[in-house]
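In: How does the following fold in three dimensions:
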Amino acid sequence: MTERNAKGRSLPVAMIVAMRPRQWAKNVLVFAAPLAAGQLFEVDIFWPSVGAFVMFCLISSATYLINDAKDRESDREHPSKYKRPIAAGEISVPLAISFAAVLAVISLVGSFLIAPALAGVVLAYAVFTLSYSLLLKHEPVIELVLLSMGFLLRAVAGGAASGLPISQWFLIVAGFGSLFMAAGKRYSELKREETTGPQIQNRRKSLDGYSLGYLRFVWGTAAAVTIMGYALWSFDVALTPSSLPWAQWSLLPFVMAILRYGIVIDRGDAEAPEDAVIADKGLQVLGAVWLILFALGALGA
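Out: Residues are numbered from 1 along each chain as shown. Presented below is the predicted three-dimensional model:
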């Protein structure tokens, strides 16, 4: 019988939980560039994109393990993070770091076999993420940029894997959309602390450098640039011959989704973006409508 810890999770289960599979949803961004190019479903584009998704799942899990190993003491004092396997004592630090190293090597080698450019993107993601986790997570503004870079590099990875050129508008939308999400996350964290009081001893130090007004300015500005960039991008995509102006029509659900997510941020419920989206049926519907319209435009339907 497999030995279990006091919380009842076996080592294999604890390892899977420590890899944070729920966070892998973020990695679907690797399909964005191939979809925007209207070539996602071509065989020589689709499978490298799937490979990029898998490689990002592995490298992101490796960075989560290292981050959790470093923050294990502070996580034990957090109202929810204390459940993380390393903080809970279910996984030892040496084992976590060893497993992270194995995942990182597999990801880098696998990425190189898919496309050397993809390996470069994966390596850049690892460097930025580890710089954030180990050195710069407490530095205001810098940590926002590094957090945003994680999303941006995921979006770039699909194009790197399949050798597709990436539109300048795509980079603007992905970059400022990432900043919008990152600033919204910090705004929600700070609003919770200012509403409930400093109940957590190990509060995020970077929050000391922000005010709610400043973070509102950042996510408001980022949202405006994202919408402007997407509007220009949608007309660029519309140059693909199609029966109806699908790409331009996709602007409406896109803007509505941004505004809807702004409500989530303003309520202070955007600390975990993936959970916020899962909990909001309206956002899911808008996202589905946007995806259908944009895909029809990109594919020239």
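
In: residues contacting Ala115?
Out: If a contact means CB atoms under 8 Å, 6 or more residues apart in numbering, then Ala115 has 48, 160-163 as its contacts. Bear in mind the C-beta positions are built from the backbone N, C-alpha and C, glycine included.

In: quick one: which of those residues has the most company?
Out: Ala161 (29 neighbours; other CB atoms under 10 Å).

In: ok, that residue touching Phe56?
Out: No: look at Ala161 against Phe56 with CB atoms under 8 Å: they stay out of range, at 9.9 Å.

In: on that earlier part again, can you tell me which of the contacts of Ala115 is nearest Glu189?
Out: Ala160 (31.7 Å; CB to CB).

In: ok, that closest one - contacts?
Out: By CB under 8 Å, 6+ apart, the neighbours of Ala160 are 52, 115, 117-118, 120-121.

In: Low-confidence regions, the protein specifically.
Out: 1-8, 197-203, 237-243, 300-301 (pLDDT under 70).

In: Quick check: can you list the domain ranges of it?
Out: If you go by automatic domain parsing, the domain ranges for the chain are 7-166, 167-301.

In: give me phi/psi at Ser107?
Out: phi -60, psi -50 (degrees, to the nearest 10).

In: my bad, Ser92
Out: The phi/psi pair for Ser92 (degrees, to the nearest 10) is phi -80, psi 160.

In: Test my guess that Arg20 contacts Tyr64.
Out: Yes: taking CB under 8 Å as the definition, Arg20 is a contact partner of Tyr64 at 4.9 Å.

In: higher neighbour count, these two?
Out: Taking other CB under 10 Å, Arg20 and Tyr64 do not tie; Tyr64 has more neighbours (21 against 17).

In: Enumerate every residue touching that one.
Out: So Tyr64 contacts 18-20, 23 (CB under 8 Å, 6+ apart).

In: what's the answer for Lys137, then?
Out: Taking CB under 8 Å, 6+ apart as the test, what Lys137 contacts is 143, 146, 204, 206.

In: What number of residues are in the vicinity of the last one?
Out: This points to Ser206. 20.

In: you'd agree it is in a helix?
Out: Yes: per DSSP: H, G, I helix; E, B strand; the rest coil, Ser206 lies within a helix segment.

In: For it, give its distance to Lys137.
Out: Noted for Ser206: a distance of 7 Å to Lys137, by CB to CB, to the nearest Å.

In: Common neighbours of these two, please.
Out: With CB under 8 Å, 6+ apart, Ser206 and Lys137 have common neighbours Glu143.

In: want to throw the contacts of Ala115 into a markdown table with secondary structure and distance to Leu215?
Out: Shown next, in a markdown table, are the contacts of Ala115 (DSSP: H, G, I helix; E, B strand; the rest coil; distance: CB to CB, whole Å):
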| residue | secondary structure | distance to Leu215 |
| --- | --- | --- |
| Pro48 | helix | 37 |
| Ala160 | helix | 31 |
| Ala161 | helix | 34 |
| Ser162 | helix | 36 |
| Gly163 | coil | 38 |
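
In: Going by distance to Gly229, which of these wins?
Out: Ala160 (20.3 Å).

In: Against Asp280, how distant is the nearest residue to the closest one once chain neighbours are set aside?
Out: Ranked by CB to CB, 6 or more residues apart in numbering and with sequence neighbours excluded, the top spatial neighbour of Ala160 is Ala117, at 4.1 Å. In this view, Ala117 and Asp280 are 35 Å apart by CB to CB.
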